[in-house]
Structures are given as C-alpha cells and as structure tokens.
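Student: please find the sequence and the predicted model below.
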Amino acid sequence: MADKKQNNRRNRVNNGDEDYNPKFRKMRKKVCALCSDKDFVLDYKNPEQLRKFINEKGKILPRRATGACAKHQRDITVAIKRCRHIAMLPYAEN
Ligand SMILES: [Zn+2]
C-alpha cells in the first residue's frame, strides 16, 4: 500500500514533464531582461519604464518576479528610488 503510493509520486515527478507539479507551475527559468536586451538603458527619469518593476502599491518587485540578475536588480532598485526622490514615482499608492 505504502509502496504503491511512493511509486505513484515518483512516476509523477519523473514523467518528463517538469510543469506537471501544480506547486511549481510557471516556474520557467527567466533570463534577465536587461542582460538579454543590450539596448535597454535603465533611466531613473523614465517612470514608464520603471513601472514594470513595481507593483500596484508602488513597491519594488522582488527578483523572482522581475527575473533580473543580481546586478540589474540592484540597478533597478536604485533607479526606482531615485525616481521616487524626484517625485516621478510614488513611494506608496493607497
Ligand atoms: Zn542582468
């Protein structure tokens, strides 16, 4: 009985379909948008560009959401903070 259960689970994991497990759906590995696009210049005076990296409350999205590499996530964070300082992005939205 217990053996059967284990086998089922193993089969599920090893059926070649990595997207099968509902817990890990849509966990496709992202490539950093800034690394892959050489023409992409992060500009703190461009709030439209930076809006992609904040949520509706104005918070900076985490790396797992932006898909940025450590270096670029840092650049994004600094740019957003500068943009907030010059009042082109909100610190918080209701
Ligand atoms: Zn990058």
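Tutor: Everything's here; your move.
Student: contacting residues for I60?
Tutor: The neighbours of I60, taking C-beta atoms under 8 Å, 6 or more residues apart in numbering as the test, are 53-54, 76-77, 80. For glycine as for every other residue, the C-beta is placed from the backbone atoms N, C-alpha and C.
Student: that one and D75, how far apart?
Tutor: 12 Å (C-beta to C-beta, to the nearest Å).
Student: that older thread, filter the contacts of I60 down to the ones in helices?
Tutor: Using DSSP state H, the subset of the contacts of I60 located in helices is 76-77, 80.
Student: show me the contacts for Q73.
Tutor: Residues in contact with Q73 (C-beta under 8 Å, 6+ apart) are 63, 66.
Student: what's the pLDDT at it?
Tutor: With respect to pLDDT, Q73 has a value of 97.
Student: what helix or strand is it on?
Tutor: Taking DSSP states H and E as the definition, one finds Q73 inside helix 70-85.
Student: quick check: buried residues in that helix?
Tutor: Neighbour-count burial for helix 70-85, with 16 or more other C-beta atoms under 10 Å as criterion, is recorded at 72-73, 76-77, 79-80, 83-84.
Student: follow-up on the earlier one: biggest separation within the contacts of I60, which pair?
Tutor: I54 and T77 (10.4 Å; C-beta to C-beta).
Student: what about stretch 69-78, near the ion?
Tutor: Yes. Using C-beta under 5 Å from the ion, stretch 69-78 comes into contact with the ion via 69, 72.
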